[in-house]
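**Student:** I need the structure of the sequence given here:
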Amino acid sequence: MNYPNDAALVVERLKLLLKVDSDKSLAEELGISTPTVSSWRQRNSIPYEACIEIATKNNVRLDWLIIGKGEMYSGQSEIKEQMAMYSPAEPDIKAQKVVELFMDLNETQQREIFFALEEKKQINEMKAALAYLMSRSGDGQYQATA
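**Tutor:** Have a look, this model is predicted:
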């Protein structure tokens, strides 16, 4: 399948990704001059090297950035699969409501929620491990060993 390479659309996706609303702001964010961004548009010249670097740095799919196809962020499909995997077979009303609310969010918001939940889970696991270590020290004081 052949997709058109439109530098103006790539510039717009870069602005969306970097949360800026002007070519000037985009140029500042990328550390380049505003005329450079303008020349990309005028010459229909896609800055492939910059796109690869930005995609890698921001965990963004290169096919989304260059041709506008697929999901914006790498791993969104995996997040949805993991969410489906942890959904109970017969969800109670609260769980069903949480899933409905979650599905009403955009993909970026879903990703943020997912990572926040993972972080909370890790914190709870660390607290449990710390409580266990403290209980094994006898007097409740954990003694670190060198």
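
**Student:** export the helix or strand encompassing Glu100 as CSV, just CAs?
**Tutor:** Taking DSSP states H and E as the definition, Glu100 sits inside helix 93-104. C-alpha atoms of helix 93-104 as CSV (Å, rounded to 0.1, in the frame of the first residue of the first chain):
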residue,chain,number,x,y,z
ILE,A,93,-21.6,-3.4,38.6
LYS,A,94,-18.6,-1.3,39.8
ALA,A,95,-16.1,-3.1,37.6
GLN,A,96,-18.4,-2.8,34.6
LYS,A,97,-18.8,1.0,35.3
VAL,A,98,-15.0,1.4,35.6
VAL,A,99,-14.5,-0.3,32.2
GLU,A,100,-17.2,1.8,30.6
LEU,A,101,-15.6,5.0,32.0
PHE,A,102,-12.2,3.8,30.9
MET,A,103,-13.4,3.1,27.3
ASP,A,104,-14.9,6.6,27.1
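
**Student:** now it: mean pLDDT?
**Tutor:** The pLDDT scores in helix 93-104 average 79.

**Student:** angle of the next helix or strand after that helix against helix 93-104?
**Tutor:** Tracing the chain past helix 93-104, the next element assigned as helix or strand by DSSP H and E is helix 107-136. Relative orientation of helix 107-136 and helix 93-104, computed by axes from the mean of the first three to the mean of the last three CA atoms, to 10 degrees: 130 degrees.

**Student:** now for helix 107-136, which elements pack on it?
**Tutor:** Helices and strands touching helix 107-136, by 3 or more CB pairs under 8 Å, 6 or more residues apart in numbering; DSSP states H and E, are helix 76-85. C-beta here means a position set from N, CA and C on the backbone, and glycine is covered the same way.

**Student:** average pLDDT across stretch 22-37?
**Tutor:** Per-residue pLDDT values across stretch 22-37 average out to 94.

**Student:** my bad, should have said stretch 66-77
**Tutor:** Averaged across stretch 66-77, the pLDDT comes to 77.

**Student:** residues making contact with it?
**Tutor:** If you take CB atoms under 8 Å, 6 or more residues apart in numbering as the criterion, stretch 66-77 is touched by 3-5, 9-10, 13, 17, 46, 48, 51, 59-61, 63-64, 107-108, 110-111.
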